[in-house]
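Asks: please find the sequence and the predicted model below.
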Amino acid sequence: SKVSKSFNEEVSFLFNDDILGQSGSGKTTMLNIIGGLDRYDSGDLVINGISTKKYRDVDWDAYRNTSIGFVFQSYNLIPHQNVLSNVEMALTLSGVSRKERRRRATEVLVKVGLQDHIHKKPNQLSGGQMQRVAIARALINNPDILLADEPTGALDTETSIQIMNLLTQIAEEKLVIMVTHNPELAENYSTRIVNLKDGQIISDTDPYDIPDESVGEKLKKNSKRISMSFWTSLGLSFANLRTKIGRTILTSFAGSIGIIGIALILALSTGMNQYITRVQKETMISYPITISSQTVDATSIMQLRTQMMGLSSSKETQSEDGKVHADYQSLKQSDAVTNNLIQNNLAEFKKYLDDPSSEIHQYVGENGIIYSYNISFGVYAKNPNQQLIDTNSELDGGNGNSNRPRMFNFANMGVNNQAATNFSEMVAGTGGQPISSVVTDSYDMVAGSWPTNYNEVVMVLTEKNGIPVQSMYQLGFITKEQYTSAKNQLANKQDGKDFTLSYEDMLQKTFYLVPSSENYLKNENGNYTQIKNPEYDMDGLINKAIPLKVSGIIRPKEDAKNATINTAVAYTNLLTNYVINRANESAIVQAQKNTPEINVLNGVRFNATTDEEKIQDTKKYLLNLSDNEKANMYQLILYYDGKSQNQETDVDTNSFDMNALSKLSMNPQSSMSSMLENYLNDNPNTTTLLAIYNDYIGGKSLEKNLSSFGAVSYESPSSIGIYADSFENKDAIGKEIENYNNSVGQDSKISYTDYVALMTSSLTTIINGISYVLIAFVAVSLIVSSIMIGIITYISVMERTKE
């Protein structure tokens, strides 16, 4: 600047210099350049014979901290600190110990006459006292030069004189450079006066020229500390916050609004995502990917139905000729069901699933893969009268299926038992556990314990701690008379009797399970005959049965989402495996497997190809019947023969049958049995024999027989349930099944219906939309918060920098 070109000062002289001039003449700029607060554009500032042209920031910091003391017109005291702390500040920045700071600050305050005010805050002092504090602060570090920028500008005359006298005393030991626009003060107190105007020196009462050869450029290494330590800075910051507690709280709250907003949105987003994940998991537990050995392409059928509904509502297809036309829509739907019936090769697919290297396993949920098998058995129980009853006893002439209301679900991956409608298998757990955590998490054990052995079951109560009255009767807890009486009361619009059971009575209940393989006995001809239930005696039935004990009583939890057991009794896969092993080892199954080409029920071949073979098999079949069966069959032959004759002579079939049967009914069974044998030996009617073959012998197969006997192969499950924990994993499993289908032949391809996709086709889109909205909220909140925090931080930094 022009000022720096025209003014040179040698700081080693001890006298009081005044820079005099009007406002805007460059006095303060000159003072700031000397104090190192501003940088000159040209010229030079020589300090102790050293040019400042090569000064770095650290050199200027050292110069200001050790050689210069500042006294400002506005005092620049830190309002939240007391007088002693304000004076100590320079020593604090220099890293002086606390004890030394207090000693030196107290001494300098005594020197300026403020020994009685060291613990007061600046707002408790007068203007002159605050200026004295500023002077004491400038002197505390024992600077070489004291710079005073109009120190009396804001003071009254009396106080100004006191301050000037104090500066005069200080000038006896140090160089004091004061800026003022008051010529009177300059004349009375200064030893040298420099007048400035428009940035130029217009007069100097004692000019001084510095020889060029005396100016050096080599800087001395500064050994004094020029910045405070980290802990000192941290302590001052906390002190600042503590003394401005109200503002600190408000500032913190303002700065935290954005952070709080982000936290709330993140919490909402996290909670929403967790809720979505939980709902997805619960949904996938209730509706796993289920692949059955025989399935129908429900998607194609639904598409066909939608198309037909569109056609039926279209006016273009409606006839306008006033005539009634045949409607084939229902027939097309029926044909669609038949044509879309698909057989799945689950044996091959199970090999793929059992391979640990299959890619599908990375998407399978914690409930794993469940294999289900078709087993058939009957279960019996004793009622209060000690009568043995079938738990599938008919209700009102029905088939015994009138149990508790059933919901369509896939989580209850029970077996397809052919008789025990009150019994179902619980979902098995992973790692060989007989019961899944899905079951134990959904039900409370109100009495007893969970099954640990194959012959243990649990009673399943409703949410109201009850059992359907139908099941009470079928399971032998009440008699038929009690059940009938209760039904009659309901029919008469009366309240049914409240039958109550204690937990102890239920835990003492025993059921008797009879596998289907036990329903066959070997006859005298070497074949096996099915024994009908009426022929069972109680002792014989119990001897063949597997006793089942009630180990516990469970009830759905109030908030259970997957309480899907819909029968009164539930068992584990331990019982399923036991029944399968027992059936596979039974005599009838072993006999059938040993003679795979012969039907062990009648001793004839499964696959007779010619009429002659069929006739021979029919004769063999009839001759192996018991006398009672032969008598019944002979009556049937007479019917077939009469029907054949009627077709030729147009005789009334009904009258013929009745006459023939009335005559035969008077004959003993043995006679009718002999007549059948004579009939077969005397050129029988081949048409009749072929009809008997088609109705009673044909259509059987090895597979059908083994299935009816209860034989099951572990390698060929009836259905497979694959559990996923999210919709994404479910879709990924579907992709892996598609990849499997692409790698196998047509006969091994797997077809299934994704019911979850059918029901929740738009749910995934909604979930993604919600996630994107929450992410957008977080982004906006983050931007707003960053701006707000940046502004608050900038203001705080500026304020602290000023202090």
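Replies: Sure, I can see it.
Asks: quick one: the lengthiest strand in the chain to chain centroid distance?
Replies: Determined from DSSP state E, the single longest strand within the chain is strand 546-556. The chain centroid and the centroid of strand 546-556 are separated by 33 Å under CA atoms, centre = their mean, to the nearest Å.
Asks: partners of the next helix or strand after that strand in the sheet?
Replies: Going down the chain from strand 546-556, the next helix or strand is strand 569-571, by DSSP states H and E. When pairing is defined by DSSP bridges, strand 569-571 lines up against strand 423-425 (parallel), strand 456-460 (antiparallel).
Asks: hang on, the earlier thing: other SSEs contacting the longest strand of the chain?
Replies: strand 443-448, strand 456-460, helix 503-507, strand 510-515, helix 573-584 (3 or more CB pairs under 8 Å, 6 or more residues apart in numbering; DSSP states H and E). Every C-beta, even on glycine, is put in place using the N, C-alpha and C of the backbone.
Asks: same thing but 7 Å
Replies: strand 443-448, strand 456-460, helix 503-507, strand 510-515 (3 or more CB pairs under 7 Å, 6 or more residues apart in numbering; DSSP states H and E).
Asks: quick one on the thing from earlier: by mean pLDDT, show me the worst of the strands paired with strand 569-571.
Replies: Ranked by mean pLDDT, these bottom out at strand 423-425, with a mean of 93.
Asks: buried stuff in it?
Replies: For strand 423-425, the neighbour count (16 or more other CB atoms under 10 Å) marks 423, 424, 425 as buried.
Asks: show me what counts as buried in the longest strand of the chain.
Replies: 546, 548, 550, 551, 552, 553, 554, 555, 556.
Asks: of those, closest to residue 171?
Replies: residue 556 (95.8 Å; CB to CB).
Asks: contact partners for the closest one?
Replies: Residues near residue 556 by CB atoms under 7 Å, 6 or more residues apart in numbering: 442, 443, 463, 563.
Asks: just the buried members of those residues?
Replies: Those of the contacts of residue 556 that meet the buried threshold are 442, 443, 563, by 16+ other CB under 10 Å.
Asks: a markdown table for the residues you listed, including pLDDT?
Replies: What follows is those, written out as a markdown table (pLDDT from 0 to 100):
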| residue | pLDDT |
| --- | --- |
| 442 | 90 |
| 443 | 94 |
| 563 | 85 |
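Asks: could the residues you listed be laid out in CSV, adding distance to residue 41?
Replies: Listed next are the buried ones among the contacts of residue 556 as CSV, based on distance: CB to CB, whole Å:
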residue, distance to residue 41
442, 83
443, 87
563, 86
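Asks: the longest helix in this protein is where?
Replies: What stands out as the longest helix in the chain, according to DSSP state H, is helix 245-286.
Asks: ok, the buried residues of strand 423-425 vs residue 203, which is closest?
Replies: Closest to residue 203, out of all of the buried residues of strand 423-425 and judged by CB to CB, is residue 425, at 112.9 Å.
Asks: who touches residue 185 in this structure?
Replies: By CB under 7 Å, 6+ apart, the contact list for residue 185 reads 152, 164.
Asks: skipping adjacent residues, who's closest to residue 680 in space?
Replies: Closest residue in space to residue 680, ignoring its immediate chain neighbours: residue 619 at 5.3 Å, by CB to CB, 6 or more residues apart in numbering.
Asks: how many other residues sit next to the one you found?
Replies: Neighbouring residues of residue 619 were enumerated by other CB atoms under 10 Å; the total is 17.
Asks: hang on, it in a strand?
Replies: No: with DSSP: H, G, I helix; E, B strand; the rest coil as the criterion, residue 619 is located in helix rather than a strand.
Asks: that one contacts residue 682, doesn't it?
Replies: No: with contacts counted by CB atoms under 7 Å, residue 619 stays clear of residue 682, the gap being 11.9 Å.
Asks: let's have the strands paired with strand 569-571 in JSON lines, adding distance to residue 71.
Replies: Output for those, formatted as JSON lines (distance: least, CB to CB, whole Å):
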{"stretch": "strand 423-425", "distance to residue 71": "94"}
{"stretch": "strand 456-460", "distance to residue 71": "92"}
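Asks: give me the below-cutoff pLDDT ranges for the stretch 601-750 of the chain.
Replies: By pLDDT under 70, the low-scoring segments of the stretch 601-750 of the chain are 642-670.
Asks: show me where it has its strands.
Replies: Using DSSP state E, counting those that start in this stretch, the strands of the stretch 601-750 of the chain run over 719-722.
Asks: check the offset of the longest helix of the chain from the chain's centre.
Replies: Distance, centroid of helix 245-286 to centroid of chain: 16 Å (CA atoms, centre = their mean).
Asks: renumber starting at 35 from here on
Replies: Sure thing, new numbering starts at 35, so read that last one as helix 279-320.
Asks: returning to what we had before: okay, the contacts of residue 590 in CSV with distance to residue 406 next?
Replies: What follows is the contacts of residue 590, written out as CSV (distance: CB to CB, whole Å):
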residue, distance to residue 406
476, 19
477, 20
497, 26
597, 19
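Asks: residue 816 and residue 296 touch, don't they?
Replies: Yes: between residue 816 and residue 296 there is a contact under CB under 7 Å: 5.8 Å.
Asks: those two - which one has more neighbours?
Replies: residue 296 (20 against 16).
Asks: the more buried one is in contact with residue 819, isn't it?
Replies: Yes: here residue 296 reaches residue 819: they are 5.9 Å apart, a contact under CB under 7 Å.
Asks: tell me what the longest helix of the chain is packed against?
Replies: Using 3+ CB pairs under 7 Å, 6+ apart, helix 279-320 sits against helix 797-836.
Asks: now do the helix it packs on against helix 279-320, angle only.
Replies: Per axes from the mean of the first three to the mean of the last three CA atoms, to 10 degrees, the angle that helix 797-836 makes with helix 279-320 is 160 degrees.
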